[in-house]
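> Provided below are the primary sequence and the corresponding predicted coordinates.
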Amino acid sequence: MEMTFVALYGDKSGDLATLITRCQEIGRGVLGVGFRPYSLSQIHATIFGLERKIGSPFYNANFSRYRGRDLVMNLEGILDYLRCCGLFPLEVQVGGYGKRDYPFISRQASPYERSFSIQGDKVVVMGWPIRGKPFQQPPATPSAWVQEARLYPLTLDLVRHAAQAYGVLHAYHRALTDVDNDLFFRIGMLVDQTALTERVRDTLEAEVRQFLSVQPPLILEVRLEQVSIALYEEDTLPPSSTRVWSLADPDLTASALMEHLR
């Protein structure tokens, strides 16, 4: 089994469930049987993974693969950090990103473009940390641009970078200068990736992005009890073979988790 830190696994709020379900409906309408939606309960946002290097006791797979270093993961340290860092509850905006410039980009693309995408065989909805309420209209002055920039802090990127001090390298921090502040949800998978034509991809991405852009911004409050460590056999995290423990659970300790891994 492997481990990963996730947010919002299990039951979803009504607004989030409605938004995800509508995105899945659009996906089925465009892709038909070529799209396999996840169940609402298994949909989650990954904070960072704790995958182990194959054949090692507890070396971090990403540090070995991307940095050429064999580091033992300090599970007790990373649990303590997440519980005491003061960054939770974390507010995240999903939807409501118009087709305009924002004071941040993701993978060289605008939030509008990145709010929904097909990545390989994965169908992904994305949001970003926010502090306060988003602007209803684009900034009209330089000072307003500065003010909007302050609304979108790099909180997730900070958490993910901090994990390196405990022997954990986030999968999208492969280079020293990489930034990943995305909170991403896989909402389903493509059954046959070869059948996805460029026209179909463009149609689906355009329809879902347009739907998300006209929604009122959905502000999710990710509390500590909604952040969990998951032990899984399949990286899609189906409930039938996945065990989760909330970070707010006092019985969640490094030694208890190691017992389950044996």
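Done, it's in.
> what's around the residue lying closest to residue 9 once chain neighbours are set aside, how many residues?
Spatial nearest neighbour of residue 9, excluding adjacent residues (Cβ to Cβ, 6 or more residues apart in numbering): residue 44 at 4.1 Å. To be clear about C-beta, it is placed using only N, CA and C from the backbone, and glycine gets the same treatment. Counted with other Cβ atoms under 10 Å, the neighbours of residue 44 add up to 25.
> check contacts around residue 44.
By Cβ atoms under 8 Å, 6 or more residues apart in numbering, the contact set of residue 44 is 6, 7, 8, 9, 185, 230, 237.
> From residue 78, how far out is residue 44?
To residue 78, residue 44 is 18 Å away according to Cβ to Cβ, to the nearest Å.
> What pLDDT does the model give the residue nearest to residue 9?
If you check residue 44, the pLDDT there is 97.
> can you pull out the helices in the chain?
For the chain, applying DSSP state H gives helices covering 14-31, 61-62, 75-84, 111-114, 142-151, 155-162, 198-213, 254-261.
> Mean pLDDT added to the ones you listed, as JSON lines?
JSON lines is the format used below for these (pLDDT from 0 to 100):
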{"stretch": "helix 14-31", "mean pLDDT": "96"}
{"stretch": "helix 61-62", "mean pLDDT": "96"}
{"stretch": "helix 75-84", "mean pLDDT": "96"}
{"stretch": "helix 111-114", "mean pLDDT": "98"}
{"stretch": "helix 142-151", "mean pLDDT": "94"}
{"stretch": "helix 155-162", "mean pLDDT": "98"}
{"stretch": "helix 198-213", "mean pLDDT": "96"}
{"stretch": "helix 254-261", "mean pLDDT": "86"}
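> okay if I get those helices as TSV plus distance to residue 53 and mean neighbour count?
Output for the helices of the chain, formatted as TSV (distance: least, Cβ to Cβ, whole Å; neighbours: other Cβ atoms under 10 Å):
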stretch	distance to residue 53	mean neighbour count
helix 14-31	34	17
helix 61-62	5	21
helix 75-84	15	16
helix 111-114	30	20
helix 142-151	39	13
helix 155-162	19	20
helix 198-213	34	16
helix 254-261	14	12
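> For beta bridges, what are the partners of the closest residue in space to residue 38 that isn't next to it in sequence?
Leaving aside its sequence neighbours, residue 38 sits nearest to residue 188 (Cβ to Cβ, 6+ apart; 5.2 Å). Beta-bridge pairing for residue 188 (DSSP bridges): residue 37, residue 123.
> Verify the stated contact: residue 188 with residue 36.
Yes: using Cβ atoms under 8 Å as the test, residue 188 is close enough to residue 36 to be in contact (5.5 Å).
> And residue 191, how close does it get to residue 35?
Remark: distance between residue 191 and residue 35 (Cβ to Cβ) = 7 Å.
> So residue 22 versus residue 237, what's the distance?
Residue 22 is 22 Å from residue 237, where distance means Cβ to Cβ.
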